[in-house]
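Visitor: here is a sequence together with a model predicted from it:
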Amino acid sequence: MTLGDIENNNGQFNQIFDEKFQYPSFSNNFRPLEIEDTGKEDKQLKCSIILFIFGFLLLIPWIVNVINIKSKNKIARGFSIASIVLFSVSIAVIVGFVLFFILLITSLHKSHREDR
């Protein structure tokens, strides 16, 4: 097909596409595709869950979980906050038991000395 075949006698071009076919219309509302990189957030979530679970065996992972306190992932941040709360409660309970046993031992020692 040459340019002469497409051009009519008036110097205008003939329509070479089918009028019944609806061609897609393009608009200026183009928005680039936003791809979120969730790899880092997924790693933070896994790390936070692992530290939370291991915190029940040892107390140290609960306080280490503070690294995820500023995570963009809400679930990871929730596990981090829960770890800190549980760490604080655990320390308070341990201190309470230690004080209780110290007072118990000193009172038993005093009563034992008075019996002599």
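Guide: In hand now; what should we look at? Residues are numbered from 1 along each chain as shown.
Visitor: which helices and strands does the lengthiest helix in the chain pack with?
Guide: The residue-count maximum for a helix in the chain (DSSP state H) belongs to helix 74-115. Helix 74-115 is packed against helix 39-54, helix 60-64, with contacts defined by 3 or more Cβ pairs under 8 Å, 6 or more residues apart in numbering; DSSP states H and E. Every residue, glycine included, has its C-beta placed from N, CA and C.
Visitor: where does residue 51 land on pLDDT?
Guide: You'll see residue 51 listed with a pLDDT of 93.
Visitor: the one 10 residues further on too?
Guide: Residue 61 is assigned 93 on the pLDDT scale.
Visitor: for it, what are its contacts?
Guide: With contact set as Cβ atoms under 8 Å, 6 or more residues apart in numbering, residue 61 has these partners: 50, 51, 52, 54, 55, 83.
Visitor: can you pick the most crowded of the residues you listed?
Guide: Counting neighbours by other Cβ atoms under 10 Å, residue 83 comes out on top of the contacts of residue 61 with 25 neighbours.
Visitor: just confirm it contacts residue 65, I think it does.
Guide: Yes. Here residue 83 reaches residue 65: they are 3.8 Å apart, a contact under Cβ atoms under 8 Å.
Visitor: residues shared between the contacts of the two?
Guide: Common neighbours of residue 83 and residue 65 are listed as 48, 51, 52, 55 (criterion: Cβ under 8 Å, 6+ apart).
Visitor: the second one contacts residue 84, doesn't it?
Guide: Think residue 51. No. The pair residue 51 / residue 84 is not scored as a contact, 10.9 Å apart, by Cβ under 8 Å.
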